[in-house]
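A.B. asks: pasting the sequence and the predicted coordinates here, then a few questions.
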Amino acid sequence: MKILILCTGNSCRSQMAQGFLQSLDKNIQVFSAGTEPAKQINSKAVQAMLELGIDISKQIPKHVDQFRNETWDYVITVCGGANETCPAFFGTVKNRLHIGFEDPSDAVGTEEFIRNEFRRVRDEIKIEFDKFYLKNLKFAIINPENLKLIVKKKYSEIALQSKEKTESSCCGVESSCCGVDYTIFSESYEKIQGYNSEADLGLGCGIPTTYAKINKGNTVIDLGSGAGNDCFVARAIVGDEGKVIGLDMTEAMIKKAVENADKLGFDNVHFLLGEIEKMPVSDNIADVVISNCVLNLVPDKQKAFAEIYRVLKCQGHFSISDIVLNGKLPSSTLKEAEMYAGCVSGAIQKDEYLSLVQKSGFINIAVQKEKQIIIPDEILLNYITNDELIEFKKSNAGIFSINVYAEKP
Ligand SMILES: C[S@@+](CC[C@H](N)C(=O)[O-])C[C@H]1O[C@@H](n2cnc3c(N)ncnc32)[C@H](O)[C@@H]1O
């Protein structure tokens with residue numbers, strides 16, 4: 001991830017922005033430059049940043065021409081006053097943004113007043129670049145370890161808030177992104193036997209129990225069981241003689257699911273706290289494994305399928321609803337889809353998904369259902385041009401919800 005921040009003199013605002021962004025993640029390559037670079041970085045900007053523990057004293061003003069032949073993920077202009085013209089940048093740029101700030105070095109008055117102006121602009125830069133980082137970068141540079149923490153945090157928030165609020169789409173991974181509608185993929189369970197509306201947080205992307213060939217008396221494991229929606233539907237099929245185990249790594253979800261099971265008075269539906277990649281259950285115990293819109297969130301999908309294989313009895317099977325991609329989607333489209341609907345950033349290509357299932361030893365693999373997820377044009381056009389949209393539509397590439405079935409030999 002390469003980011004260039006531009007201003008005229010490259011002596012304070014762009015330097016402070018560079019300092020903040022770099023302090024948020026050392027894996028991003030952040031540079032700043034100007035069209036008329038000053039001889040040295042502004043000492044008051046250095047001082048203001050030091051007050052927040054960020055040392056930018058080693059940064060030096062550079063001319064923008066130095067960076068023209070490179071490819072940039074983001075070029076961000078930060079000049080703001082009416083008397084300023086933002087530098088035009090003609091290099092290869094995937095995303096352009098303007099976040100304007102007043103120039104504190106224009107401040108006239110006492111030394112104290114000028115220092116406070118630097119602090120004011122510094123704080124504004126910090127707020128805006130924190131927001132930019134959370135909204136645009138975190139997904140793109142995430143690694144498997146913190147991905148799980150993010151997923152847990154997101155689903156804790158969802159578990160703790162009301163269903164109405166989830167549907168009004170203002171939960172967000174970082175609690176700051178409004179507009180994420182986690183219910184966009186979900187289907188209506190209203191007419192399904194065993195349905196319990198309190199357990200349905202609208203987080204699924206299919207109805208796996210419909211295709212799962214569950215029989216009375218079966219033992220069923222639901223991976224990423226959330227508030228227990230599919231577990232209670234499975235319970236209606238397995239009856240009193242069967243057993244249902246819901247597994248989820250988010251404590252708040254397990255708590256909610258247990259409360260729901262208690263209200264329903266079931267003693268053969270159990271919820272376990274744990275990770276799919278290392279299930280706290282013995283080998284060969286399940287007749288059927290189901291899951292609804294979860295494996296797309298698991299960074300190591302190979303491990304997840306290996307675990308599913310382990311816990312299934314011989315001749316047992318799974319039926320899983322999930323999100324996959326087909327064809328090459330522009331990266332900005334994926335990011336926008338994630339902001340719009342969640343559950344997309346960890347999704348992999350459908351072919352790769354099915355190949356992982358096969359490599360894990362499963363047989364009789366079948367896609368039982370497939371449905372394209374349509375992101376409205378007006379949303380996509382925020383990030384791609386009209387021509388790119390037409391190309392994208394012609395390409396047949398897209399985001400799909402699928403239901404995959406396979407058997408353990
Ligand atoms: C999109 S929600 C789906 C919840 C539920 N299946 C439903 O349809 O309502 C994803 C759930 O999977 C859980 N989850 C995600 N990754 C997991 C993992 N690696 N191990 C266990 N649970 C996981 C989350 O905590 C969350 O409750």
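C.D. replies: Cool, the structure landed. Numbers count the residues shown, from 1 in each chain.

A.B. asks: tell me which helix or strand comes right after whichever helix or strand E370 is part of.
C.D. replies: According to DSSP states H and E, E370 maps onto strand 363-373. Next in sequence after strand 363-373, counting helices and strands by DSSP H and E, comes helix 377-380.

A.B. asks: the closest residue to the ligand within the stretch 51-200 of the chain: neighbouring residues, count only.
C.D. replies: Using C-beta to the nearest ligand atom, Y155 is the residue of the stretch 51-200 of the chain that sits closest to the ligand, at 3.8 Å. In this view, the C-beta of every residue, glycine as well, is placed from N, C-alpha and C. Residues lying near Y155 (other C-beta atoms under 10 Å) number 26.

A.B. asks: contacts only, for it.
C.D. replies: Listed by C-beta atoms under 8 Å, 6 or more residues apart in numbering, the contact partners of Y155 are 203, 226, 248, 250, 252-253.

A.B. asks: did I read that right, it in a helix?
C.D. replies: Yes. Under DSSP: H, G, I helix; E, B strand; the rest coil, Y155 falls within a helix.

A.B. asks: find me the pLDDT at it, would you?
C.D. replies: Y155 is assigned 87 on the pLDDT scale.

A.B. asks: which among the contacts of Y155 count as buried?
C.D. replies: Listed as buried from the contacts of Y155 are 203, 226, 248, 250, 252-253; burial here means 16 or more other C-beta atoms under 10 Å.

A.B. asks: in the residues you listed, find the pair that's most separated.
C.D. replies: Farthest pair in these (C-beta to C-beta) is L203 and A252. Separation: 13.0 Å.

A.B. asks: helices or strands next to the helix or strand hosting A48 in the packing?
C.D. replies: Using DSSP H and E, A48 sits in helix 43-50. With contacts defined as 3 or more C-beta pairs under 8 Å, 6 or more residues apart in numbering; DSSP states H and E, the packing partners of helix 43-50 are helix 13-24, helix 111-132.

A.B. asks: could I get the ones you listed as a markdown table with distance to the ligand and mean neighbour count?
C.D. replies: As requested, the helices and strands packed on helix 43-50 are exported to a markdown table (distance: least, C-beta to the nearest ligand atom, whole Å; neighbours: other C-beta atoms under 10 Å):
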| stretch | distance to the ligand | mean neighbour count |
| --- | --- | --- |
| helix 13-24 | 25 | 25 |
| helix 111-132 | 25 | 17 |
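
A.B. asks: in CSV: those helices, plus mean pLDDT.
C.D. replies: What follows is the helices and strands packed on helix 43-50, written out as CSV (pLDDT from 0 to 100):
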stretch, mean pLDDT
helix 13-24, 95
helix 111-132, 94
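
A.B. asks: can you confirm E36 is in a helix?
C.D. replies: No. Using three-state DSSP, the secondary structure at E36 is coil, not a helix.

A.B. asks: of the buried ones among the contacts of Y155, list those near the ligand.
C.D. replies: On the criterion C-beta under 6 Å from any ligand atom, 203, 226, 248, 250, 253 are the entries of those that sit beside the ligand.

A.B. asks: would you turn the residues you listed into CSV with pLDDT?
C.D. replies: Putting those into CSV (pLDDT from 0 to 100) gives the following:
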residue, pLDDT
L203, 90
G226, 96
D248, 98
T250, 95
M253, 96
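
A.B. asks: for R235, state which of these is nearest.
C.D. replies: Relative to R235, the closest of these is G226; by C-beta to C-beta it sits at 14.8 Å.

A.B. asks: for the stretch 301-409 of the chain, what spans make up the strands?
C.D. replies: With DSSP state E, counting those that start in this stretch as the criterion, the stretch 301-409 of the chain has strands at 312-326, 363-373, 398-407.

A.B. asks: is the second one positioned near the ligand?
C.D. replies: Right, the one you point to is strand 363-373. No. Strand 363-373 is not in contact with the ligand by C-beta under 6 Å from any ligand atom; minimum separation 13.8 Å.

A.B. asks: neighbouring strands - and their directions - for the helix or strand that contains G100?
C.D. replies: Using DSSP H and E, G100 sits in strand 92-101. Strand 92-101 pairs in its sheet with strand 71-79 (parallel), by DSSP bridges.

A.B. asks: in the strand it pairs with, which residues are buried?
C.D. replies: 72-79.

A.B. asks: filter those by proximity to the ligand?
C.D. replies: Contacts with the ligand within those, as defined by C-beta under 6 Å from any ligand atom: none are present.

A.B. asks: report the mean confidence score over the helix or strand encompassing I290.
C.D. replies: Assigned by DSSP H and E, I290 belongs to strand 286-292. Averaged across strand 286-292, pLDDT comes to 98.

A.B. asks: pLDDT at the residue nearest to L381 when sequence neighbours are not counted, what is it?
C.D. replies: Nearest residue to L381 in three dimensions, chain neighbours excluded: L389, at 6.2 Å (C-beta to C-beta, 6 or more residues apart in numbering). We have a pLDDT of 82 for L389.

A.B. asks: hmm, D377 and L389 touching each other?
C.D. replies: Yes. With contact defined as C-beta atoms under 8 Å, L389 counts as touching D377 (6.3 Å).

A.B. asks: which one's more surrounded, the two?
C.D. replies: The neighbour count for L389 versus D377, taken as other C-beta under 10 Å, is higher for L389 (16 against 12).

A.B. asks: right, I'll call it a day here.
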